[in-house]
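**Q** what would the 3D arrangement of this be:
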Amino acid sequence: MKRVLITGISGGQGQLVAQHLLTAGRGKYKVFGVDRKPWPGRPREIKMTVADVRQRKFEDVIRQTQPDTILHLASVRHFRVHPAVRHEVNVVGTKKLIEFAIDHGVGQIIINSSSYVYGALPDNPYYMDESFPLSVTRTYAEVRDLAEMDMVATASSWRYPDLAIAVMRPVNVLGPHVRSAIGKYLRREYVPTVIGFDPMLQFIHEDDLARAMIAAIDKQVRGPFNIVGSGAIPLHTAIPQLGGTAVPVPEFVLRRIIRTFFQWGLYPFPAGAIDFAKYQCTLDGSRFEETTGFEPKYSLAQIFADAHL
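**A** Numbering: from 1, shown residues only. Below you'll find the model as predicted:
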C-alpha cells in the first residue's frame, strides 16, 4: 500500500482527496493527515495529527508515518491574516516541508498552487502553458507568497533530483465543499465588474481536482502542471449561473471602493484582484492530460449546478 500524508486534510479539498483515496483506491493507499484544526467525523481508517507544518511536531509526523507521498494542501489563500503570516505558512512552511521530506526519505511531494500565479495581464495569450512566467506580482502584490511558494517548489525539483516534486496549478475551483476565492466572488447577490471588460474564465469541479491529484500520485509526476476543467466561459455569463447580478462599475471607482472596503475588513479581496475581472488567465492543461491520462468528468453546467449545493 502506498502511504500518503495530506497536509491541510481538514479543509474541503483535503477531505475530498482523502475520501477518494480510500474508496477509488481499492486498498491501494494508506492515508494520514495533518492540519491545524481537527476533522470531526473523519473516516476511522485515516490517522490524523493536529499540528502546524511550520513546527517540529510536523517533522515527527513524517518520521512516524513514513509517507511515500506528501500532498501539500496546507496553504493560506485568504487575507484575514497578516501578510507576514501568509508568507510564513506558504513560503517558509513549504521550504521546511521539503527539507523534512529530504531528511526522511519521502519519494514524492505534490504542492497545490494556483492558476493565479500567472497573473491577469493585458498581454496574456490564450491558454498559457507551464513555460509561461509567473507574473502575478506585477499587479497583485498581495499574493506574492503564492508565487514564491510555487517557485520554491519548482526550484527544489531541480535541486533534489531524487525527490519527485510536482506543482499543480488548477484553474478556478468550484463545488459544494471547497470555499474558493472565485466562489466567494461569484456567490454575491451583486457582483462588481469592470465596465468594458468580460474576460474568459476556466473552472474545474472540486471532485475533478481530487481525481487529478490522485492521478499525480499514481503516475509519480514531477514538475509544474496546469490543471483545467471543461471549457471556458465569459465572466458575465458565469455570474448568473450562481444566481448573481453583474454590476459594471468604472475601474477607478471600483478600485477606490474595494481598496477602502478591504482596509476596513468589509471586502475579502484587495484591489489587485480586480485584474482577474478584466483580463484573461486561461491555461493549457494538455501536459498533465498527456502525462497522466486525466480527463475532467464534469461539464461547466454540472460545475455550476453543484456549486449551488
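
**Q** pull the helix or strand with minimum mean pLDDT from this protein.
**A** helix 181-186 (a mean of 89; mean pLDDT, DSSP states H and E).

**Q** and the helix or strand that that one is followed by, how far out from the chain middle?
**A** Next along the chain after helix 181-186, taking DSSP states H and E as the criterion, comes strand 190-194. Remark: strand 190-194 is offset 23 Å from the chain centroid, using Cα atoms, centre = their mean, to the nearest Å.

**Q** go on, stretch 276-294?
**A** Stretch 276-294 has its C-alpha centroid displaced from the chain centroid by 13 Å (Cα atoms, centre = their mean).

**Q** list the buried residues in that stretch.
**A** 276-285, 287-289, 291-292, 294 (16 or more other Cβ atoms under 10 Å). The C-beta positions use only the backbone N, C-alpha and C, and glycine is treated the same way.

**Q** do the same with stretch 292-307
**A** 292, 294, 296, 298, 300, 302-304, 306-307.

**Q** what of stretch 207-227?
**A** For stretch 207-227, using 16+ other Cβ under 10 Å, the buried residues are 207-218, 221-227.

**Q** same deal with stretch 174-194?
**A** Residues of stretch 174-194 classed as buried by neighbour count (16+ other Cβ under 10 Å): 174-175, 178, 180-183, 185-187, 191-194.

**Q** residue 234: neighbouring residues, count only.
**A** For residue 234, the count of nearby residues is 12 (other Cβ atoms under 10 Å).

**Q** need the contact list for the spatially closest residue to it that is not a sequence neighbour.
**A** Distance criterion Cβ to Cβ, 6 or more residues apart in numbering; nearest residue to residue 234, sequence neighbours excluded, is residue 198 at 4.8 Å. By Cβ atoms under 8 Å, 6 or more residues apart in numbering, the contact list for residue 198 reads 234-236.

**Q** let me know the pLDDT of residue 198.
**A** Residue 198 is assigned 97 on the pLDDT scale.

**Q** can you tell me the SS state at it?
**A** Following DSSP: H, G, I helix; E, B strand; the rest coil, the label given to residue 198 is coil.

**Q** how close does residue 32 sit to residue 123?
**A** 44 Å (Cβ to Cβ, to the nearest Å).

**Q** if you count surrounding residues, which of the two has more?
**A** Set residue 32 next to residue 123 and count neighbours by other Cβ under 10 Å: residue 32 wins out with 23 against 6.

**Q** need the strands for the stretch 101-250 of the chain, in chain order.
**A** Ranges of strands within the stretch 101-250 of the chain are 108-112, 164-170, 172-174, 190-194, 200-205, 223-227, 232-234, 245-249, based on DSSP state E, counting those that start in this stretch.

**Q** quick one: contacts for the closest residue to residue 171 other than its chain neighbours?
**A** The spatial neighbour of residue 171 that comes closest, neighbours along the chain excluded (Cβ to Cβ, 6+ apart), is residue 202 at 3.9 Å. Listed by Cβ under 8 Å, 6+ apart, the contact set of residue 202 reads 115, 171-172, 228-229, 231-232, 282-283.

**Q** give me that answer again for 6 Å
**A** Residue 202 is in contact with 171, 228, 232, 282, counting by Cβ atoms under 6 Å, 6 or more residues apart in numbering.

**Q** with residue 242 instead?
**A** Counted by Cβ under 6 Å, 6+ apart, residue 242 has contacts 186-187, 307.
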